[in-house]
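Chemist: Pasting the sequence and the predicted coordinates here, then a few questions.
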Amino acid sequence: MECVYEEIFKLLDDSYIENLLKLILINNDMCENDKTMIEILIQNDKNIHFKRIKYLFLLELNTNFGYFADRVNDRILFKISTALFTILKRNILSKLYRENEKIVMINLEKTCFEKFNKNIISVIFENIENNNNSDSFIQNVYLESYNNILIIFENYTIVIKHLFDFITELMLLLLTPLFFDQRHGVVRSTFNVFFAIGYMISEFFYIFKEMEEEDDEGTNSDYLKTKNDIINVFRNINIIIENNTIKKELSVTLNNIMKLLKSDNFRKRYELNRTKNDYVKKLDKYKIIETLASLIINDAYLFNLTAASEIAMVELGEDMVQLNKKLPMVRDFINILLDEKSYCIAKTISWIPSENIFSLENVTIEYEENNITNIVLENINLNIETNKLHYINGDSGSGKTSLLNALMKRMKTKNGSIKFIGLDYNYFNIRPYLSYVTSESALFSRSVYYNVTYGLNKKIVSEQNNEIMTKIIEYMNLFGLENVIPNIRTKNATKLSKGQTQRVAILRLFIQIIFDDRRILFLDEFTSNVDKAMERTIFTELKNLQKIHPFTVIYTSHNVYNRKYSDYIYEIDSDKRSINKKVTTENECE
């Protein structure tokens, strides 16, 4: 049967369908992004020669032909045979439609996100180099778009469905003179009128009420897992960018989305409702009841021959409004999709021994919140010595984290300059030297081993696997993670407690220092979720490691006792927006 349809489809030029869809769906008042989204949807169907669209047309023609037979002809045999024909064909066409709908949905997401992933990398890098902190914006665009695209796809399909509903009704009206029968006598006609009214009232409260109660099967564990994985990627954006694995992680994310799209339960949320098995059964039931009612009434005149076309036209207009309301949901996504400029990342600055790793001259740091500019540090002059531990202390909101971000060039400064070993720089100039750990360090939904070795050169991991594993086990024992050792390659790191998660992130830091030559550590409340005894262990091991692998540490801590591990203390005065630097003395260590 499918082969027969395929041969029929060849008779219709794809360009006719394409032009019709563009004529109906695209108007001059649309913004360019909305037009682009519609064009993407149409092109996606065109890629399989509009087979999904053609089956949708046959479905509507089949359905409306069944209703048409009941409206215009009183012959019993004709009504029954038509009902049987439409029921049989509906099941066949629905199955063929669903097969092609699955292909179209998967191709749509794949096409959009392959291009989006390519462009988003340049956008992220450009924002970082220009100190535009837009991680949350990009995360939200990514997180919402793969879902919103399918919502728009669903509305796009409904519009086409009602377009075909309208067209097929008009086509069938042309056949009316060939089938129409005259009315009966007055008594029978009166009975028919009252019966028809009762039937339509019961139809409204029973049949269509039943159809509205269908459960939404869209929310499921796979959907939530994919959503959490995307959040996880962007929570780890700093470590991903540090290790230059963003292309790899976005590719993994796309694969997860593709895997989700192959899940029948997830796709049911967006598939055309009329072709689902349960819905088809309800339509069959409705067809049987309607045919029985038509046999009892036995008066085709009662069925208004133009009402169906008018209803279809109204529904088409309403659905167009809904589609236009949904299109803005993906405008940010389309902006990035159309931004095809490549971005050249700045080269790494060669490491040159220098007394000061960072130098600040008349630097003012500010941020904007609710359209209000807040100055946190003003006209700061500071030298940060190389291979020392620098402790930054200050009240909450005094600018500790802002200072770290400014040094990493992840935050704009109003004036002045910050030099790295005496040179101007941006984030990418120093990225290979950096490690950044915060109080909210998130781990990937992979094994503990994967997380600890994340970002290491594959060649190093392969050649020094035994040495790396020995160090990992050594530090896991020191950091109270010995119970994780037996399952280090199988235990999902996201199942760890908050304290364990932070210790794994710190363990990764130590492994990076030893095997990846990280020389600048930015540690922002990085021991906030461990007890004091463990803090002492971590700082002691950090200072021991520094004797073997020289590095600079710039850290903040809610526990002022941790200042004793530093070589210099920086006290931030919130009122004066200034920093007072002093050498750590023995008194500080008491």
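Modeler: Arrived safely, thanks for sending.

Chemist: Every contact and neighbour count from this point should use C-alpha atoms.
Modeler: Fine.

Chemist: List the contacts of the spatially most central residue of the chain.
Modeler: Centroid-nearest residue in the chain, with Cα atoms, centre = their mean: residue 143, separated by 2.4 Å. Contact partners of residue 143, counting by Cα atoms under 8 Å, 6 or more residues apart in numbering, are 227, 230, 231.

Chemist: In a markdown table: those, plus secondary structure and distance to residue 393.
Modeler: Formatted as a markdown table, the contacts of residue 143 follow (DSSP: H, G, I helix; E, B strand; the rest coil; distance: Cα to Cα, whole Å):
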| residue | secondary structure | distance to residue 393 |
| --- | --- | --- |
| 227 | helix | 37 |
| 230 | helix | 34 |
| 231 | helix | 31 |
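
Chemist: Please identify, among these, the one with the most neighbours.
Modeler: residue 230 (23 neighbours; other Cα atoms under 10 Å).

Chemist: check contacts around it.
Modeler: Residue 230 touches 139, 142, 143, 253, counting by Cα under 8 Å, 6+ apart.

Chemist: Could you work out the most separated pair of those?
Modeler: Maximum pairwise distance in the contacts of residue 230, criterion Cα to Cα, is 12.1 Å, between 139 and 253.

Chemist: What's the separation between the residue nearest to the centre of the chain and residue 136?
Modeler: 10 Å (Cα to Cα, to the nearest Å).

Chemist: re earlier: and of the contacts of residue 230, the nearest to residue 447?
Modeler: Using Cα to Cα, the contacts of residue 230 come closest to residue 447 at residue 253, 16.8 Å.

Chemist: Go ahead and confirm that closest one touches residue 227.
Modeler: No - if you go by Cα atoms under 8 Å, residue 253 and residue 227 don't touch, sitting 9.7 Å apart.

Chemist: Give the residues shared as contacts by the two.
Modeler: By Cα under 8 Å, 6+ apart, no residue touches both residue 253 and residue 227.

Chemist: buried stuff in stretch 128-147?
Modeler: 128, 129, 131, 138, 139, 141, 142, 143, 145, 146, 147 (16 or more other Cα atoms under 10 Å).

Chemist: Which of those residues scores worst on pLDDT?
Modeler: pLDDT is lowest at residue 131 among these; the value there is 70.

Chemist: Give me the secondary structure label for that one.
Modeler: Put simply, residue 131 is coil when judged by DSSP: H, G, I helix; E, B strand; the rest coil.

Chemist: do residue 489 as well
Modeler: coil.

Chemist: Adjust the sequence numbering to begin at 508 for everything that follows.
Modeler: With the count now opening at 508, the last piece we talked about shows up as residue 996.

Chemist: Can I get stretch 829-848 in CSV, CA atoms only?
Modeler: Once non-C-alpha atoms are left out, stretch 829-848 reads as follows in CSV (Å, rounded to 0.1, in the frame of the first residue of the first chain):
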residue,chain,number,x,y,z
GLN,A,829,-1.1,30.4,18.3
LEU,A,830,1.8,29.6,16.0
ASN,A,831,2.8,33.3,15.8
LYS,A,832,2.6,33.5,19.6
LYS,A,833,5.0,30.6,20.0
LEU,A,834,7.6,31.7,17.4
PRO,A,835,9.2,34.3,19.7
MET,A,836,10.2,31.4,22.0
VAL,A,837,13.1,30.5,19.7
ARG,A,838,14.2,34.0,18.5
ASP,A,839,17.4,33.9,20.6
PHE,A,840,18.1,30.5,19.3
ILE,A,841,17.7,31.6,15.7
ASN,A,842,20.0,34.6,16.4
ILE,A,843,22.8,32.3,17.3
LEU,A,844,21.8,29.9,14.5
LEU,A,845,22.3,32.7,11.9
ASP,A,846,25.5,33.9,13.5
GLU,A,847,28.0,32.0,11.3
LYS,A,848,31.0,34.1,11.9
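
Chemist: neighbouring contacts of that stretch?
Modeler: With Cα under 8 Å, 6+ apart, stretch 829-848 has contacts from 540-541, 543-544, 619, 622-623, 626-627, 629-630, 648-649, 652, 655-656, 658-659, 662-663, 666.

Chemist: For these, which ChimeraX command selects only the ones that are buried?
Modeler: Here is the ChimeraX command that selects only those of the contacts of stretch 829-848 that count as buried (16+ other Cα under 10 Å):
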select :540,541,543,544,619,623,626,627,629,630,648,649,652,655,656,658,659,662,663,666
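
Chemist: So which of the contacts of stretch 829-848 are in helices?
Modeler: Secondary structure defined by DSSP state H assigns 540-541, 543-544, 619, 622-623, 626-627, 629-630, 648-649, 652, 655-656, 658-659, 662-663, 666 of the contacts of stretch 829-848 to helices.

Chemist: Any regions of the stretch 608-757 of the chain where pLDDT drops low?
Modeler: Applying pLDDT under 70 to the stretch 608-757 of the chain flags residues 639-642, 680-681, 683-727.

Chemist: Show me the helices in it, by range?
Modeler: 642-680, 683-686, 693-710, 716-719, 728-742, 744-749, 753-768 (DSSP state H, counting those that start in this stretch).

Chemist: Distance to residue 797 for the ones you listed - can I get that in CSV?
Modeler: CSV is the format used below for the helices of the stretch 608-757 of the chain (distance: least, Cα to Cα, whole Å):
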stretch, distance to residue 797
helix 642-680, 18
helix 683-686, 18
helix 693-710, 9
helix 716-719, 15
helix 728-742, 39
helix 744-749, 59
helix 753-768, 37
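
Chemist: out of those helices, nearest to residue 958?
Modeler: helix 744-749 (10.5 Å).

Chemist: Who are the packing partners of the closest one?
Modeler: helix 753-768, strand 941-945 (3 or more Cα pairs under 8 Å, 6 or more residues apart in numbering; DSSP states H and E).

Chemist: where's it relative to the chain centroid, distance-wise?
Modeler: 18 Å (Cα atoms, centre = their mean, to the nearest Å).

Chemist: Could you do stretch 929-944 as well?
Modeler: 29 Å.

Chemist: Give me the contact list for it.
Modeler: 635-636, 745-746, 748-750, 852-856, 863-866, 915-917, 925-926, 1012-1013, 1016, 1019, 1024-1031, 1033.

Chemist: Got a PyMOL select line for the buried ones in those?
Modeler: Those of the contacts of stretch 929-944 that count as buried under 16+ other Cα under 10 Å are selected in PyMOL with:
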select buried, resi 635+636+745+746+748+749+750+856+863+864+865+866+915+916+917+925+926+1012+1013+1016+1019+1025+1026+1027+1028+1029+1030+1031+1033
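
Chemist: In helices, which of the contacts of stretch 929-944 fall?
Modeler: Per DSSP H, the subset of the contacts of stretch 929-944 in helices is 635, 636, 745, 746, 748, 749, 1012, 1013, 1016, 1019.

Chemist: beta partners of the residue lying closest to the third one once chain neighbours are set aside?
Modeler: Computed as Cα to Cα, 6 or more residues apart in numbering, the closest residue to residue 745 that is not its neighbour in sequence is residue 943, at 7.3 Å. According to DSSP bridges, residue 1029 are recorded as the beta-bridge partners of residue 943.

Chemist: Look up the pLDDT of residue 943 for me, please.
Modeler: 94.

Chemist: what separates it from residue 841, distance-wise?
Modeler: 32 Å.

Chemist: Now do the host helix or strand of residue 1060: everything it contacts.
Modeler: For residue 1060, the host element (DSSP states H and E) is strand 1059-1063. Applying Cα under 8 Å, 6+ apart, the contact partners of strand 1059-1063 are 892-900, 907-908, 911, 1026-1033.

Chemist: strand partners of it, parallel vs antiparallel please.
Modeler: Short version: by DSSP bridges, strand 1059-1063 pairs with strand 896-900 (parallel), strand 1027-1031 (parallel).

Chemist: Can I get the last one as CSV, trimmed to CA atoms?
Modeler: Just to be clear, that refers to strand 1027-1031. Provided in CSV are the C-alpha atoms of strand 1027-1031 (Å, rounded to 0.1, in the frame of the first residue of the first chain):
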residue,chain,number,x,y,z
ILE,A,1027,47.5,29.7,38.6
LEU,A,1028,44.8,28.5,41.0
PHE,A,1029,41.7,30.6,41.7
LEU,A,1030,39.9,29.0,44.7
ASP,A,1031,36.6,30.7,45.8
